[in-house]
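Peer 1: Pasting a predicted model and its sequence here:
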Amino acid sequence: MVSVGVLGASGYGGGELLRLLADHPQFEVGQVWANASAGQSVAQLHPHLATMADLQVAAFDAAKLDVDFVFMALPHSQSAQYAAEIEVPVVDLGADFRLQDAAAWSAYYGGEHAGTWTYGLPEIPGQRTKIAESTKVANPGCYATAIAVAAAPLVAAGLVDPTQIVVVAASGTSGAGRSPSVPLMASEVTSGVRAYKVGGVHQHTPEIEQTIGHGARISFTPMLAPMARGILATVTAPLLQGVDPAAVAQSLHNAYDAETFVRLLPEGQWPATQMTLGTNSVALQWTYDAHAGRVIVCSAIDNLGKGAAGQAIQNANLMLGFPEASGLAVNGVAP
């Protein structure tokens, strides 16, 4: 068994990591850290985690680190201050080490760029091998995962215009974290859907463009939906002149038919967030809008699963040579 620690265990991402690690056949949780919640038990922070109820939460102290692997599940811009002190392999669920462009980091997050680690989206060609050879991996953002998985194969195959990608995506409230906030109160959320960070200002924008590559430019409108967890993304782009729409299906099949966690749905069936609830899966479907001349790809993920903790464990499995799907669910929870 590999002993692991979770830094930032009090939040939703940290809690989901603990839930998945509890039943992982190769991992055991040895240390749990959350500075603001030090002295509490896991039972107090996450009462649904019965088998971990007695674990005690401590403030992080690098001198007392006694595990083989660390997951960092901290708010953006906080991971870098701890990373230099951690000498064992680590997956960071935050944004600190995702971006290659320091100017993009400064523009979207502010402050000094901490550097770039291996990007942890195994389904992007070439990344699986890089992840397996790395000791430090930057876990992708939730929106970036849902959108890049939908768009990257079409762009790579030269089927759509990468500079004219339009995305509208709805997320559950857990994507905003666990800190109390008026816009996230039940009375503010449950009766409607609203857009936020409109006009190219969402912090995942440069990450999405970087991951898709090929000079991609996106117009991204995120939305907050009245659900706790899940993302449903609709990605559209103009089909390039002379391209047969049937090539879109072929490119998606070529990219994902051999992938455990990405499923292209049967014709006529469209992704829904409940399909992926509690899983590390991505549900995909596509069509061609002949009226507008645009390809449409819809994707659904669990923002805490494939969008955070599940993907982090998928990356850790690769880094340590375990079966990639070890400890991870494919089948969703319904209704």
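Peer 2: Arrived safely, thanks for sending.
Peer 1: Going by C-alpha atoms from here, please, whenever you check contacts or count neighbours.
Peer 2: Noted.
Peer 1: May I have the secondary structure class of residue 91?
Peer 2: What DSSP: H, G, I helix; E, B strand; the rest coil gives for residue 91 is strand.
Peer 1: all strands of the stretch 151-300 of the chain, in order?
Peer 2: Along the stretch 151-300 of the chain, counting by DSSP state E, counting those that start in this stretch, strands occupy 165-171, 194-195, 218-224, 231-238, 262-264, 282-289, 294-301.
Peer 1: Mind telling me what element residue 318 is part of?
Peer 2: helix 310-320 (DSSP states H and E).
Peer 1: buried residues in that helix?
Peer 2: Residues 310-320 are the ones in helix 310-320 that count as buried (16 or more other Cα atoms under 10 Å).
Peer 1: Export that helix to CSV, keeping only CA atoms.
Peer 2: Output in CSV follows, covering the C-alpha atoms of helix 310-320 (Å, rounded to 0.1, in the frame of the first residue of the first chain):
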residue,chain,number,x,y,z
GLY,A,310,-11.2,11.4,-9.8
GLN,A,311,-8.8,12.8,-12.4
ALA,A,312,-6.1,13.4,-9.7
ILE,A,313,-6.3,9.8,-8.7
GLN,A,314,-6.2,8.7,-12.4
ASN,A,315,-3.0,10.7,-12.7
ALA,A,316,-1.6,9.2,-9.5
ASN,A,317,-2.3,5.7,-10.7
LEU,A,318,-0.3,6.5,-13.9
MET,A,319,2.6,8.0,-11.9
LEU,A,320,2.9,5.0,-9.6
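Peer 1: check contacts around residue 332.
Peer 2: By Cα atoms under 8 Å, 6 or more residues apart in numbering, the contact list for residue 332 reads 274-279.
Peer 1: redo that, cut-off 10 Å
Peer 2: Neighbour list for residue 332: 273-281, 302 [criterion: Cα atoms under 10 Å, 6 or more residues apart in numbering].
Peer 1: next one: residue 298
Peer 2: Applying Cα under 10 Å, 6+ apart, the residues contacting residue 298 are 146-147, 149-151, 167-169, 232-236, 270-272, 283-287.
Peer 1: Also residue 299?
Peer 2: Taking Cα under 10 Å, 6+ apart as the test, what residue 299 contacts is 145-151, 169, 231-235, 262-264, 270-273, 282-286.
Peer 1: Now it: closest residue in space that isn't a chain neighbour?
Peer 2: Excluding the flanking residues, the one nearest residue 299 by Cα to Cα, 6 or more residues apart in numbering is residue 284, at 4.6 Å.
Peer 1: I'd assumed residue 257 was in contact with the one you found.
Peer 2: No: under the criterion of Cα atoms under 10 Å, residue 284 is not in contact with residue 257, lying 11.6 Å apart.
Peer 1: Those two: which is more packed in?
Peer 2: residue 284 (26 against 12; other Cα atoms under 10 Å).
Peer 1: how far away is the more buried one from residue 256?
Peer 2: 10 Å (Cα to Cα, to the nearest Å).
Peer 1: so what sits against both of those two?
Peer 2: 149, 262-264.
Peer 1: Quick check: the gap between residue 258 and residue 264.
Peer 2: Counting by Cα to Cα - residue 258 and residue 264 are separated by 11 Å.
Peer 1: Who has more neighbours out of these two?
Peer 2: residue 264 (19 against 11).
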